[in-house]
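J.: Generate a structure from the sequence data that follows.
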Amino acid sequence: MAKILFYAAIVIIAIIGVLAVSQAVGGYSILDRLWPWKPDFVALKLTSPSIMYAGVAYTINFTINNTGTDVTKVHTHVLERSLDNLTWTNVDNKIFNSHPSGLIRYVLFSWTPSSPGIYYLRTCADGSVGSCKKGVISESNENNNIAYGKVTVIQNQANNTTLPDFVAMAIKTPDPMYFNGNNKIINFTVYNNGSSVTSYFEHHLYWSFDNGTGDMWHEITPSVSDNIHTNFTNKTYSFSWYPAGSGIFYLRACADGIAGSIACGETGRINESNENNNIAYAKVTVYSSNNTTKPDLKVESITFTPPSPSPKGTYVNITANVSNIGNATANNFHVEFKDITNTFGGLIFVPALTSRNSMLVTWTWYANVTGMYTIKVTADVYNTVDEWDENNNVNYANYTII
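T.: Residues are numbered from 1 along each chain as shown. Model prediction:
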């Protein structure tokens, strides 16, 4: 019997040794993965100035909570930037030895933007040095580690030359847009970030079926022109466009362009301090006029009262702005509010929403469990309304309980 117990003890020790061997990314063992008490990083928010000057150092504040049941080991938090929200470049990394359960930590990153433009920022809890790829901490929830932000970087006025500088800010289109025989008004907003006013110039607008990859950019005529744009001011210019049909289109707006050419900026009439920020892009859907006799429900936005984050035990009012962008009344439908993990949810009945109108629909949630939640709101969840577009009925928003 003693021998049996001895050999059993050896087997148990051997098993524990195998489990303790590092098998996971970053040196975490199988035993770590099986441990029932785990930390959980929740990315609460990214805070930064909305407008920055190129060449100036700024502090980016990343607020993180460990809502899990265990302290973390050594880990890295990461700041990245992007010009297109697709390709990300590392900006800064911060390494910490531990993060206790229940602690809210403020991580301060540093970024000096080098050139003007519109930048997307994201901060990642438990990334890898130089990347937002998954780090070394085994968490109870690996899907709530990233916070996002968006900033506009303009030329530093103190370092600017005496030249003007057009910055293409945004393209605004009608929503929805129908192919019904009428021209569409496309607005293009431009900012003069230079130190002087301009003389005569032209702005141009183009369209393409595939963002200019295979199908060429087609110029929309007439262009718009102006004789003066005062420094450090916005101006919005309107183009008239007749779409080639229904479908998905890409738009390209050029500040200080030349008629008959897609070249922009440096080939224009205005000598600028920066010739590389003159273009804005947009992707639009033009719908067939055959469906315009139907209603169309759309969840425009989701807001919370009180705002996130809130303490455990809070009654949170979730309000959805639901619009009917179709041409007929939507009758007798339900708006569903729920967490995407289906831990809670509720329904609100709407008897009618007339064409081209919107309404606020509110459902109250008693938040009694900590964590970050992704709230999904669906208009006409039971699909009782025959709509011309059934693919725009859903919207999402995040909320954190601490």
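J.: If we ignore the residues flanking it in sequence, what's nearest residue 301?
T.: Excluding the flanking residues, the one nearest residue 301 by C-beta to C-beta, 6 or more residues apart in numbering is residue 321, at 4.7 Å. All C-beta spots, glycine's among them, are computed from the backbone N, C-alpha and C.
J.: now whichever strand or helix holds the one you found: mean pLDDT?
T.: Using DSSP states H and E, residue 321 sits within strand 314-324. Strand 314-324 comes out with an average pLDDT of 93.
J.: Name the residues of that strand that come out as buried.
T.: 314, 316, 318, 319, 320, 321, 322, 323, 324 (16 or more other C-beta atoms under 10 Å).
J.: so which of these comes closest to residue 288?
T.: residue 324 (18.3 Å; C-beta to C-beta).
J.: In contact with that closest one, which residues are there?
T.: In this structure, residue 324 makes contact with 295, 296, 297, 298, 330, 353, 354, 355, 356, 357, 358, judged by C-beta atoms under 8 Å, 6 or more residues apart in numbering.
J.: give me the element residue 150 is part of.
T.: strand 146-154.
J.: Listing partners with orientation, what would you give for the helix or strand following that strand?
T.: Counting by DSSP H and E, the element after strand 146-154 in chain order, helix or strand, is strand 166-172. Sheet pairing of strand 166-172 (DSSP bridges) gives strand 184-192 (antiparallel).
J.: Please work out the angle formed by the directions of the strand it pairs with and strand 146-154.
T.: If you take axes from the mean of the first three to the mean of the last three C-alpha atoms, to 10 degrees, strand 184-192 sits at 70 degrees to strand 146-154.
J.: From the chain's centroid, how far away is strand 184-192?
T.: Offset of strand 184-192 from its chain centre (C-alpha atoms, centre = their mean, to the nearest Å): 22 Å.
J.: Now do that strand, average pLDDT.
T.: Across strand 184-192, the per-residue pLDDT values average to 93.
J.: Contacts for the next helix or strand after that strand next, please.
T.: Next in sequence after strand 184-192, counting helices and strands by DSSP H and E, comes strand 201-208. The set of residues external to strand 201-208 that reach it, using C-beta under 8 Å, 6+ apart, is 166, 186, 188, 190, 215-220, 223-226, 229, 237, 239, 241, 243-244, 249-259, 262, 264, 268-270.
J.: So which bits of strand 201-208 are buried?
T.: For strand 201-208, using 16+ other C-beta under 10 Å, the buried residues are 201, 202, 203, 204, 205, 206, 207, 208.
J.: Same question for stretch 46-63.
T.: Here stretch 46-63 shows 46, 48, 52, 53, 54, 60, 62, 63 as buried, counting by 16+ other C-beta under 10 Å.
J.: now these in TSV, with pLDDT, distance to residue 177 and secondary structure?
T.: As requested, the buried residues of stretch 46-63 are exported to TSV (pLDDT from 0 to 100; distance: C-beta to C-beta, whole Å; DSSP: H, G, I helix; E, B strand; the rest coil):
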residue	pLDDT	distance to residue 177	secondary structure
46	88	33	strand
48	83	33	coil
52	81	33	strand
53	80	36	strand
54	82	35	coil
60	88	37	strand
62	88	38	strand
63	86	39	strand
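J.: Skipping its backbone neighbours, what lies nearest the residue nearest in space to the middle of the chain in space?
T.: Residue closest to the average C-alpha location in the chain (C-alpha atoms, centre = their mean): residue 148, at 6.5 Å. Using C-beta to C-beta, 6+ apart and skipping the chain neighbours, the partner closest in space to residue 148 is residue 122 (5.0 Å).
J.: ok, now how distant is the one you found from residue 83?
T.: 13 Å (C-beta to C-beta, to the nearest Å).
J.: Which one's more surrounded, those two?
T.: Taking other C-beta atoms under 10 Å, residue 122 and residue 83 do not tie; residue 122 has more neighbours (22 against 13).
J.: pLDDT score for the more buried one?
T.: Reported pLDDT for residue 122: 91.
J.: looking at this, it is in a strand?
T.: Yes: under DSSP: H, G, I helix; E, B strand; the rest coil, residue 122 falls within a strand.
J.: Give the full set of residues in contact with it.
T.: 46, 79, 80, 82, 88, 132, 146, 147, 148, 149.
J.: Put the buried members of the residues you listed into a ChimeraX selection.
T.: Command for ChimeraX that selects the buried part of the contacts of residue 122, burial taken from 16+ other C-beta under 10 Å:
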select :46,79,80,88,132,146,147,149
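J.: Same list (the contacts of residue 122) but as JSON lines, adding distance to residue 176.
T.: JSON lines is the format used below for the contacts of residue 122 (distance: C-beta to C-beta, whole Å):
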{"residue": "46", "distance to residue 176": "32"}
{"residue": "79", "distance to residue 176": "37"}
{"residue": "80", "distance to residue 176": "34"}
{"residue": "82", "distance to residue 176": "28"}
{"residue": "88", "distance to residue 176": "32"}
{"residue": "132", "distance to residue 176": "35"}
{"residue": "146", "distance to residue 176": "31"}
{"residue": "147", "distance to residue 176": "31"}
{"residue": "148", "distance to residue 176": "26"}
{"residue": "149", "distance to residue 176": "29"}
